[in-house]
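**Q** After the sequence you'll find the predicted model.
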Amino acid sequence: MPVALVVDDDPNARTLLKELVEAEGFATLTASTVAEAREQLANGPDIVLLDLLLPDGEGLDLLRQGPVRADTQIVVTTGHASLESSIEALRLGATDYLLKPINLAQLRAILSRVARPGELKAEVFELREELRSLGRFGKLVGTSPPMQRLYDEITRVAPTGATVLVTGESGTGKELVAETVHMLSRRHNRPFLSVNCGAISPHLIESELFGHEKGSFTGANRQHQGYFERANGGTLLLDEITEMPLELQVKLLRVLESRTVVRVGSNKLVETDVRLIAATNRNPDEAVKAGKLRRDLLYRLQVFPLQVAPLRERLDDVPALARHFLSELNKRAHVEKAFTPMALERMRRYRWPGNVRELCNVVQRAFIMADGEIISEFSVAQDTQLHQDGQSRYIRIPLGTKLAEVEERLILTTLQECTTREEAAKRLGISIKTLYNRLRSYSSREQLT
Ligand SMILES: Nc1ncnc2c1ncn2[C@@H]1O[C@H](COP(=O)(O)OP(=O)(O)OP(=O)(O)O)[C@@H](O)[C@H]1O
Ligand SMILES: [Mg+2]
């Protein structure tokens with residue numbers, strides 16, 4: 001049951017609001033002063049109905065002083081139709097305001113967003129409309145069944161504070177998904193930060209995440225706020241979570257449980273209010289088996305898993321995605337290039353091992369290569385022919401390549417495809433001895449350079 005805190009010094013107003021709110025299915029807490037309200041906030045209400053004028057101060061003091069959890073909605077109620085203080089309230093982080101006497105319909109609308117966070121909020125409603133008319137959900141393009149399912153899941157999880165684990169192959173759009181979750185959450189006015197755990201050196205990652213005190217290690221010449229502190233009130237994406245050193249995963253788990261961080265070189269606990277999203281292009285269960293990801297951390301992270309399908313499982317989205325990337329290039333260059341239907345069809349048949357990112361690159365190259373306004377299938381042919389149709393695989397060799405290089409690439413690629421050198425030699429139609437000689441010549445050349 002959601003919990004509302006009613007703050008009002010007028011006993012009649014307090015009782016009336018309490019009854020209205022309870023009729024909407026909330027448990028209620030009440031307070032009549034700023035001091036009492038501050039005490040009640042510790043109980044973590046989902047929503048606070050806050051009167052602005054209280055005997056011991058202004059209701060807004062509550063927002064000015066203490067940190068209020070970002071998942072708590074503050075709705076200001078004011079009898080004095082003072083626009084100024086309402087605007088200040090919004091600036092300070094209130095989500096809405098209600099003028100007294102309270103309009104019941106308005107109150108109900110606000111309460112229903114809190115009580116059923118998964119239900120259509122105004123933004124989600126707009127996005128749904130956009131999806132119907134333009135074929136995209138925020139920044140995410142595509143209307144295929146796997147994407148529709150994903151939008152539903154995003155809509156459900158975004159307004160809650162739940163930790164999300166986004167999985168999917170490289171280039172499928174995991175980062176965009178994380179951004180969309182943030183955009184549809186109550187934290188959307190606060191920062192969205194993203195850290196790539198694989199890109200930071202292991203001995204710096206702890207101070208990058210949690211911050212450090214001056215002098216805590218060589219080179220730490222001033223206090224540094226980590227990502228957790230900078231993302232406070234907002235969302236932090238931990239990308240490539242399986243690349244995080246294991247001993248740091250233990251610390252991360254502690255942060256998730258205690259909602260506090262400790263800077264490197266300090267033993268002071270700093271409170272954080274950060275919604276965590278983790279992403280990985282590995283299979284998380286296999287990463288646990290391989291010892292790259294702690295099981296207890298995975299358990300904590302995947303409160304709500306979101307899986308992004310590879311592009312080959314939603315090929316019907318390819319034309320819309322291709323047009324989307326092309327229209328961005330058109331806008332930048334002030335031109336009006338367009339794909340022929342054959343070009344789009346050709347792209348729709350390719351298997352896209354690099355997923356949406358590869359598609360974006362192919363469109364970019366085709367855009368450059370096309371002479372006029374028309375981008376035909378020939379402009380995308382080169383990039384979309386290396387395909388895997390079950391048995392036969394291809395390598396792409398541009399005209400003008402030296403014969404010796406062609407031979408080398410064919411030999412090395414075949415080797416990668418085979419489990420033994422004998423098998424490779426057989427497929428290449430050469431003796432095992434010839435294969436060894438070639439490999440030796442390649443490796444001796446490498447040693448020379
Ligand atoms: N559905 C989509 N609509 C529009 N653009 C997309 C979509 N999916 C991905 N993109 C674009 O494709 C590129 C790759 O997406 P993103 O960086 O989110 O992939 P990723 O899954 O995080 O990849 P990696 O695992 O390599 O980090 C980005 O430029 C992103 O904007
Ligand atoms: Mg990414």
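**A** Okay, I see it. Ligands and ions are numbered 1, 2, ... in the order given.

**Q** CA only for contacts and neighbour counts going forward, please
**A** OK.

**Q** wait, what's in contact with the closest residue to T414 other than its chain neighbours?
**A** In space, and not counting its chain neighbours, T414 is closest to A424: 6.1 Å by C-alpha to C-alpha, 6 or more residues apart in numbering. Counting by C-alpha atoms under 8 Å, 6 or more residues apart in numbering, A424 makes contact with I411, T414, L415, C418.

**Q** Which secondary structure state is assigned to A424?
**A** helix (DSSP: H, G, I helix; E, B strand; the rest coil).

**Q** Next one: it from ligand 1, what distance?
**A** Between A424 and ligand 1 the distance, using C-alpha to the nearest ligand atom, to the nearest Å, works out to 31 Å.

**Q** my guess is N355 meets E313, correct?
**A** No - if you go by C-alpha atoms under 8 Å, N355 and E313 don't touch, sitting 10.1 Å apart.

**Q** These two - which one has more neighbours?
**A** For N355 versus E313, neighbours defined as other C-alpha atoms under 10 Å are more numerous around N355 (19 against 13).

**Q** Any idea which helix or strand in this structure has the lowest mean pLDDT?
**A** When the helices and strands of the chain are scored by mean pLDDT, DSSP states H and E, helix 83-91 comes last with a mean of 66.

**Q** Point out the other helices and strands that the following helix or strand past that helix packs with.
**A** Downstream of helix 83-91, the first helix or strand assigned by DSSP states H and E is strand 96-99. Judged by 3 or more C-alpha pairs under 8 Å, 6 or more residues apart in numbering; DSSP states H and E, the packing partners of strand 96-99 are strand 73-78.

**Q** Report the mean per-residue pLDDT for the strand it packs on.
**A** Strand 73-78 comes out with an average pLDDT of 84.

**Q** who's in contact with it?
**A** Contacting residues not belonging to strand 73-78 are listed as 46-53, 86, 89, 93-100, 102, 114 [C-alpha under 8 Å, 6+ apart].

**Q** domain ranges for this structure?
**A** Per the record, the chain has its domains at 3-115, 122-307, 312-384, 403-448, by automatic domain parsing.

**Q** those strands in the stretch 101-250 of the chain, which residues are they?
**A** For the stretch 101-250 of the chain, the strands defined by DSSP state E, counting those that start in this stretch cover 136-137, 140-141, 164-167, 192-196, 235-239.

**Q** any low-confidence regions in the stretch 101-250 of the chain?
**A** Counting by pLDDT under 70, the stretch 101-250 of the chain shows low-confidence ranges at 109, 113, 115-122, 160-161.

**Q** Near ligand 1, which residues of it are found?
**A** K139, L140, V141, G142, E169, S170, G171, T172, G173, K174, E175, L176 (C-alpha under 6 Å from any ligand atom).

**Q** Restricted to helices, list those.
**A** Secondary structure from DSSP state H places K174, E175, L176 of those in helices.

**Q** T77 versus the most centrally placed residue in the chain, what's the distance?
**A** For the chain, the residue nearest the mean C-alpha position is A178 (1.3 Å; C-alpha atoms, centre = their mean). Look at A178 and T77: by C-alpha to C-alpha, to the nearest Å, they are 34 Å apart.

**Q** and the residue of the stretch 201-350 of the chain nearest ligand 1?
**A** At 5.2 Å from ligand 1, N281 is the closest residue in the stretch 201-350 of the chain, using C-alpha to the nearest ligand atom.

**Q** okay, now that residue: neighbour count?
**A** Count around N281 with other C-alpha under 10 Å applied: 18.

**Q** Verify the stated contact: L184 with E153.
**A** No - judged on C-alpha under 8 Å, L184 makes no contact with E153 at a distance of 11.8 Å.

**Q** So which of those two has more stuff around it?
**A** More crowded of L184 and E153, by other C-alpha under 10 Å: L184, with 22 against 17.

**Q** Only C-alpha atoms, please: export stretch 257-271 in PDB.
**A** Provided in PDB are the C-alpha atoms of stretch 257-271 (Å, rounded to 0.1, in the frame of the first residue of the first chain):
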ATOM      1  CA  GLU A 257      22.300  -2.300   0.400                       C
ATOM      2  CA  SER A 258      23.300   0.600   2.600                       C
ATOM      3  CA  ARG A 259      22.600   3.400   0.100                       C
ATOM      4  CA  THR A 260      25.800   5.000   1.300                       C
ATOM      5  CA  VAL A 261      29.300   5.300  -0.200                       C
ATOM      6  CA  VAL A 262      32.700   5.700   1.400                       C
ATOM      7  CA  ARG A 263      35.300   7.800  -0.400                       C
ATOM      8  CA  VAL A 264      38.700   6.300  -0.900                       C
ATOM      9  CA  GLY A 265      40.900   7.500   2.000                       C
ATOM     10  CA  SER A 266      38.000   8.100   4.300                       C
ATOM     11  CA  ASN A 267      35.800   6.200   6.700                       C
ATOM     12  CA  LYS A 268      32.900   8.600   6.600                       C
ATOM     13  CA  LEU A 269      29.600   7.300   5.200                       C
ATOM     14  CA  VAL A 270      28.100   9.600   2.500                       C
ATOM     15  CA  GLU A 271      24.400   9.100   1.800                       C
END
